[in-house]
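> coords below, sequence missing:
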């Protein structure tokens, strides 16, 4: 990659000398004789670094710095200055300059400084791109689902994301609770601050308390130094406490205090630490039952459950399965350098009929396996994991208790049509209805 560097100096010899040295280092150099010409060049864009003198006619180096950082906040500016204006150069650094060099310029020092400045810019651009990608990835439109239950979840997430309210996300393992937590954070005013995640079930009580609140040196065996906890690291941002139902009574008490007055002490410490953190918790447990059994504090439950977002199991919104399959096929085809174009009808039927006890996570893993195992551009039944085939060989349709008659009819029609490999005439015969009636039902249910 060739970097573009703008050199600004009203002294021709210095300007052209610097340009030649930088060109020998492999950079593309543009020259400006004063600040006014420099701004004209900056307006064209595509500059990676500016090297400018401080004292110049028309526009000064300070004004060039201001224009450059306003146009492109990540654009590094190196100031050139005489010994008599070093204080001005230091002030320029406070105003956003990357560094300064005194005249006469040490060329070795200049080459090193240019390399560092460009590396810093590259890292900043990569970080910004990653942040933009994260925000793009967690936009509401990227949470897959068209079912009524998922649409309602999207509406709630969109409404509560900008607030400071504590959120409790409930649902079975694998339904996508962490994805909803991501969406809540990256669509909130805290999106540019940390999102810190803690898997509460993965740590013992002592380790979890230390992980969340931090500890002082010597507070327990192995505590060889002070450690900041996740709440401190999440200051001004969001903390996501996954599997909150697994924490001990002792940790529950301390967590309740943080929720009530935003303060806590590190393990073994006396200093009271105050934080501004938005809390999002998730659990696959029925916390009301845990309260009745004395395993979870009722006051903590109500503090966490200011807004509840319940994500249903995949078997209860099967109409989202085709969308999820398409998204996962695309993701893993690109990841594995394959050109998977489709899933054959029989394989699609098997995937649709499967009960998915592991929910969307299990479906995702299944599609990843199928993409990897596929020997052509079509995923077939043979590419699916064996246990998926075994369950789906049974001739039945799963209907959840409380389903409407319309839902039951839609599922029966869909399953029957799939079993007949899309043959509408045979499907109508099996269902004992006319072919026109079947067509009307297919349109009505969007099948």
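That came in fine, so what should we check first? Note that the coordinates shown come from a computational prediction; the quantities given were computed from them, not determined experimentally.
> Going by C-alpha atoms from here, please, whenever you check contacts or count neighbours.
Noted.
> packing partners for the helix or strand where residue 209 lies?
Here residue 209 sits within helix 205-213, counting by DSSP states H and E. For helix 205-213, the helices and strands in contact under the criterion 3 or more CA pairs under 8 Å, 6 or more residues apart in numbering; DSSP states H and E are helix 230-233.
> The helix it packs on packs against which elements?
Judged by 3+ CA pairs under 8 Å, 6+ apart, helix 230-233 is in contact with strand 195-199, helix 205-213.
> Dump these to TSV, plus mean pLDDT and mean neighbour count.
Formatted as TSV, the helices and strands packed on helix 230-233 follow (pLDDT from 0 to 100; neighbours: other CA atoms under 10 Å):
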stretch	mean pLDDT	mean neighbour count
strand 195-199	94	18
helix 205-213	90	20
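> Give me the residue ranges of this structure where confidence is low.
By pLDDT under 70, the weakly predicted segments of the chain are 1, 83-85, 127-142, 390-401, 419-422, 447.
> Residue 6 - that's part of a strand, no?
Yes. Residue assignment for residue 6, taken from DSSP: H, G, I helix; E, B strand; the rest coil, places it within a strand.
> Number of residues surrounding it?
20 (other CA atoms under 10 Å).
> Could you spell out which stretches of the chain belong to which domain?
Described in terms of automatic domain parsing, the domain architecture of the chain consists of the residue ranges 4-133, 144-312, 315-392, 405-444.
> just to revisit the earlier point, how many degrees apart are the helix holding residue 209 and strand 195-199 in direction?
Taking axes from the mean of the first three to the mean of the last three CA atoms, to 10 degrees, helix 205-213 and strand 195-199 form an angle of 170 degrees between their directions.
> Can you give the contact residues for helix 205-213?
198, 200, 228-232, 247-248, 251, 264-267 (CA atoms under 8 Å, 6 or more residues apart in numbering).
> Same list (those residues) but as a markdown table, adding distance to residue 184.
Output for the contacts of helix 205-213, formatted as a markdown table (distance: CA to CA, whole Å):
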| residue | distance to residue 184 |
| --- | --- |
| 198 | 16 |
| 200 | 20 |
| 228 | 25 |
| 229 | 22 |
| 230 | 18 |
| 231 | 18 |
| 232 | 20 |
| 247 | 23 |
| 248 | 26 |
| 251 | 25 |
| 264 | 25 |
| 265 | 28 |
| 266 | 28 |
| 267 | 30 |
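> Just the buried residues of the host helix or strand of residue 330, please?
Here residue 330, judged by DSSP H and E, is contained in helix 321-335. Judged by neighbour count (16 or more other CA atoms under 10 Å), helix 321-335 contains these buried residues: 321, 324-325, 327-330, 332-333.
> in the stretch 101-250 of the chain, which spans are helices?
With helices called from DSSP state H, counting those that start in this stretch, the stretch 101-250 of the chain shows them at 107-137, 148-160, 177-186, 205-213, 230-233, 249-261.
> Relative to residue 60, which of the ones you listed is closest?
Using CA to CA as the measure, helix 107-137 is the one of the helices of the stretch 101-250 of the chain that comes nearest residue 60, at 21.0 Å.
> give me the element residue 273 is part of.
Assignment of secondary structure by DSSP H and E places residue 273 within strand 272-274.
> and of the helices and strands packed on helix 230-233, who's closest to residue 288?
When the helices and strands packed on helix 230-233 are compared for distance to residue 288 using CA to CA, the nearest one is strand 195-199, at 20.8 Å.
> roughly how far is that closest one from the heart of the chain?
A distance of 12 Å separates the centroid of the chain from that of strand 195-199, by CA atoms, centre = their mean, to the nearest Å.
> what lines up beside it in the sheet?
When sheet partners are counted by DSSP bridges, strand 195-199 sits next to strand 238-242 (parallel).
> Could you tell me the angle between the strand it pairs with and helix 177-186?
Going by the same axes, to 10 degrees, strand 238-242 makes 170 degrees with helix 177-186.
> Mind putting the helices and strands packed on helix 230-233 into CSV with distance to residue 440?
Output for the helices and strands packed on helix 230-233, formatted as CSV (distance: least, CA to CA, whole Å):
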stretch, distance to residue 440
strand 195-199, 49
helix 205-213, 57
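> I'd like to know how far residue 259 sits from residue 352.
Counting by CA to CA, to the nearest Å, the gap between residue 259 and residue 352 amounts to 42 Å.
> you'd agree residue 78 is in a helix?
No. With three-state DSSP as the criterion, residue 78 is strand rather than part of a helix.
> tally of neighbours for it?
Residue 78: 26 neighbours (other CA under 10 Å).
> Determine how far stretch 193-206 lies from the middle of the whole chain.
Per CA atoms, centre = their mean, the centroid offset for stretch 193-206 relative to its chain is 17 Å.
> buried ones in stretch 46-61?
Of the residues in stretch 46-61, those scored as buried under the neighbour-count criterion (16+ other CA under 10 Å) are 47-56, 59-61.
> want to try JSON lines for the residues you listed, with secondary structure and distance to residue 123 as columns?
Compiled in JSON lines, those are given as follows (DSSP: H, G, I helix; E, B strand; the rest coil; distance: CA to CA, whole Å):
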{"residue": "47", "secondary structure": "coil", "distance to residue 123": "16"}
{"residue": "48", "secondary structure": "coil", "distance to residue 123": "13"}
{"residue": "49", "secondary structure": "strand", "distance to residue 123": "14"}
{"residue": "50", "secondary structure": "strand", "distance to residue 123": "17"}
{"residue": "51", "secondary structure": "strand", "distance to residue 123": "20"}
{"residue": "52", "secondary structure": "strand", "distance to residue 123": "23"}
{"residue": "53", "secondary structure": "strand", "distance to residue 123": "26"}
{"residue": "54", "secondary structure": "coil", "distance to residue 123": "27"}
{"residue": "55", "secondary structure": "coil", "distance to residue 123": "31"}
{"residue": "56", "secondary structure": "coil", "distance to residue 123": "31"}
{"residue": "59", "secondary structure": "coil", "distance to residue 123": "30"}
{"residue": "60", "secondary structure": "coil", "distance to residue 123": "29"}
{"residue": "61", "secondary structure": "helix", "distance to residue 123": "25"}
